[in-house]
Every structure is written in structure tokens, then in C-alpha cells.
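Undergrad: Let's see this in three dimensions:
(one chain, ligands or ions: 1)
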Amino acid sequence: MRLTIKIGSNVLTRQDGSLDVTRMSALVDQIATLRSQGHEIILVSSGAVASGRSELKHIQHDLDSVDQRQLFSAVGQAKLINRYFELFREYGIAVGQVLTTKENFSDTEHRKNQENCMRVMLENNVLPVVNENDTVSVTELMFTDNDELSGLIAQMTQSQVLIILSNIDGIYTGDPSDPSSRIIRTIEQGRSLDEYIQEKKSSAGRGGMQSKSNVAMQTAAAGISVIIANGKRDDILVKLMNDRENTPCTEFLC
Ligand code: GLU
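TA: Numbers count the residues shown, from 1 in each chain. Here you go, the predicted model:
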């Protein structure tokens with residue numbers, strides 16, 4: 001199976017905002033296992049801005065939000081891809097960095113070029129690690145968040161499954177901290193989730209559950225099943241692909 005896996009900033013950062021290399025390493029182990037089971041993987045990883053911010057803690061003067069995004073992502077993306085490169089290398093897996101912008105998914109010429117880039121990497125067994133090019137993205141033309149980007153990448157690469165990892169087990173029937181709430185295991189196409197979605201947003205990234213569920217609905221309608229799960233759970237990726245019934249998650253059926 002071809003899988004697009006999106007890892008959110010909150011999965012990759014610790015409470016103090018620093019890059020959680022232990023978690024990253026565990027996710028790399030799992031992706032290597034899935035590849036050894038025959039799956040093809042495309043990784044969409046957030047965490048550039050968050051890891052750049054923690055690296056440049058010493059910066060005292062005020063920066064506007066665009067300056068912050070550009071500066072932090074420039075430093076953080078270098079750190080992030082360097083870690084992935086080294087961690088995957090231990091498994092003999094070559095990774096390649098793909099930094100993209102929204103224009104690459106709209107204009108025909110750009111789109112073809114982006115499609116070609118993904119194709120040539122997959123054909124040559126190079127694992128694409130995709131992120132938005134936050135250093136040069138124009139604010140008004142950005143992806144809503146990396147959830148949107150991952151949906152577009154899953155469609156472009158004709159993935160069978162999109163897995164969105166955040167720091168929550170899935171979509172709940174109520175507040176996740178309320179013991180009477182339960183996870184909605186499967187969601188059929190066209191089902192309204194308005195009464196369930198929690199507006200609370202994670203601190204590190206741009207997205208939230210509303211955005212995840214919108215992307216999941218659209219991507220499932222395009223024929224790709226979408227799973228929302230908790231990237232902080234041990235062995236989550238391997239369990240989702242091998243023992244989904246016994247693993248907490250929400251699956252949008254296609
Ligand atoms: N591209 C941003 C980063 O790597 C993440 C955007 C999002 O939170 O979805 O920091």
C-alpha cells in the first residue's frame with residue numbers, strides 16, 4: 001500500500017518546545033517497519049517553526065509574525081531534515097526534502113512539476129519528507145496548515161491511506177477529558193461532525209480538529225481512507241496498519 005503519513009508539530013515537540021528526538025526516532029523505526037512490510041511511504045512533517053523557535057530562544061527583540069515564521073522555519077527545517085536524514089540512514093533508507101507552496105498545486109505547469117518530483121523520488125525508493133516552504137510562502141497564499149498539504153499530497157501521489165498523527169486519539173463524541181466521551185471509530189462520507197468537533201487547538205502547529213476533519217472528509221471523498229490517530233502512542237503506525245480494530249483512532253471511510 002502507498003501511505004501518506006502526516007506528523008504534526010505537537011507530536012514532535014516536548015512541553016518546553018524543543019524537538020522530541022526520542023519520539024522522532026520511534027516514528028522513524030515504525031516507518032522503517034512499514035516499509036519492510038512492503039508499504040510505500042510519503043512523510044509530511046511539521047515541526048520546522050516549533051524547532052526553530054526553541055533553537056533561537058535567545059532572540060530578544062520583537063519580530064512580526066512573518067519574520068518569525070521565516071526565521072524560525074529556516075533554522076528549524078534544517079534541523080528537522082538533518083535529524084530525519086540521519087535516523088533513516090541507520091536503516092539504509094534515503095530521504096529527500098520536498099519544500100512546497102500552494103502555487104505548486106494549482107497552476108498546471110507547477111503541478112506537473114511537483115507531480116514529477118514525487119514520482120521520481122518514489123520510483124527511486126527515496127522517501128519524500130514534505131513540508132510547506134514556510135521561508136518564502138506568502139501569508140495570504142499559504143496552506144491552511146499541513147493537514148491540507150497532506151491531503152493534497154495523498155491525492156497527488158494516489159496514496160490508498162492518509163494517516164494524520166496529532167496528540168489526540170481521534171474525534172470524540174464530547175470533550176476528550178470527559179470520561180463519558182468516546183472515540184468515533186468510523187465516519188461514513190457525508191456525515192456531519194459539527195456537534196462533536198472540539199475547537200481547542202494544539203499549541204505548536206497551525207491546524208486543529210476542525211481542519212483535520214475537513215481535510216479528512218475531502219480526501220475520503222477522493223477515494224483515500226483517512227485515519228486520525230495519536231502520534232505519541234507507542235508503535236501507533238505499525239498497530240494502525242496491522243491491528244486497527246484494537247488501536248484507538250478515527251477512520252474516515254472512502
Ligand atoms: N509548516 C509548519 C512547520 O513546519 C507547520 C504548519 C502546521 O502547523 O500545520 O512548522
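
Undergrad: Name all residues that make contact with the closest residue to the ligand within the chain.
TA: The chain approaches the ligand most closely through residue 205 (2.8 Å), counting by CB to the nearest ligand atom. Every residue, glycine included, has its C-beta placed from N, CA and C. Going by CB atoms under 8 Å, 6 or more residues apart in numbering, residue 205 touches 8, 9, 10, 46, 50, 145, 146.

Undergrad: Give me the subset of those that also touch the ligand.
TA: 9, 46, 50, 145, 146 (CB under 6 Å from any ligand atom).

Undergrad: Which ones among those map onto helices?
TA: 9, 50, 146 (DSSP state H).

Undergrad: Of those, which count as buried by neighbour count?
TA: Neighbour counting with 16 or more other CB atoms under 10 Å marks 9, 50, 146 as buried within those.

Undergrad: pretty sure the last one contacts residue 132?
TA: Right, residue 146. Yes. Contact criterion CB atoms under 8 Å: residue 146 and residue 132 qualify, at 6.6 Å.

Undergrad: right, and the helix or strand after the particular helix or strand that has residue 240 in it?
TA: Assigned by DSSP states H and E, residue 240 falls within helix 236-242. Note on helix 236-242: by DSSP H and E, the next helix or strand toward the C-terminus is strand 250-252.

Undergrad: quick one: strands adjacent to that following strand?
TA: Strand 250-252 has its sheet partners listed here by DSSP bridges as strand 186-187 (parallel), strand 225-230 (antiparallel).

Undergrad: same question for the last one, mean pLDDT?
TA: This means strand 225-230. In this model, strand 225-230 has a mean pLDDT of 98.

Undergrad: what separates that strand from the chain centre, distance-wise?
TA: Relative to the chain's own centre, strand 225-230 is displaced by 11 Å; criterion: CA atoms, centre = their mean, to the nearest Å.
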